[in-house]
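# dropping the sequence and predicted coords here.
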Amino acid sequence: MSHQISITGQITPDQVPMIAENGFKTIINNRPDGEEPNQPTSAEIEAAAKKAGLAYKEVSFAGSELNQNHVEEFADFFNQAEQPMLIFCRTGNRSTGIYEAAKRMDLLDD
């Protein structure tokens, strides 16, 4: 695989500086706000990402609601974003699913 990505579970705004220090350039969030109490919001993580100099994109969807529009939006951003990138959701499963769907549909640049 030529992509430099890591997929993980939920991150917090206070982890973003460390993510930047570890060399990541982009964060993609696949988790909708409000899935559980005390979950950091996308806006909070985006603000931390911008402060740390990272690109940020939210392409969120409920676990069973992945559709073609999500995959295309993800792929469009993925293809223009700087790598390495960190892609996250609650557990990493949704992020793996959308990445694999985009690969299967041949939407990701090498």
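On my side now, so go ahead.
# show me where the chain has its helices.
Ranges of helices in the chain, per DSSP state H, are 16-21, 42-51, 68-80, 93-104.
# closest to residue 5 out of those?
For residue 5, the closest of these is helix 93-104, at 7.0 Å, according to Cβ to Cβ. All C-beta spots, glycine's among them, are computed from the backbone N, C-alpha and C.
# quick check: angle from that closest one to helix 68-80?
When axes from the mean of the first three to the mean of the last three Cα atoms, to 10 degrees is applied, the directions of helix 93-104 and helix 68-80 differ by 80 degrees.
# C-alpha coordinates for helix 93-104, PDB please?
What follows is helix 93-104 as a C-alpha-only set of coordinates in PDB (Å, rounded to 0.1, in the frame of the first residue of the first chain):
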ATOM      1  CA  ASN A  93     -14.100   0.000  12.200                       C
ATOM      2  CA  ARG A  94     -16.000   2.700  10.300                       C
ATOM      3  CA  SER A  95     -12.700   4.400   9.200                       C
ATOM      4  CA  THR A  96     -11.400   1.000   8.000                       C
ATOM      5  CA  GLY A  97     -14.700   0.400   6.100                       C
ATOM      6  CA  ILE A  98     -14.800   3.800   4.300                       C
ATOM      7  CA  TYR A  99     -11.100   3.500   3.400                       C
ATOM      8  CA  GLU A 100     -11.500   0.000   2.100                       C
ATOM      9  CA  ALA A 101     -14.700   1.000   0.200                       C
ATOM     10  CA  ALA A 102     -12.900   3.800  -1.500                       C
ATOM     11  CA  LYS A 103     -10.000   1.400  -2.500                       C
ATOM     12  CA  ARG A 104     -12.400  -1.200  -3.800                       C
END
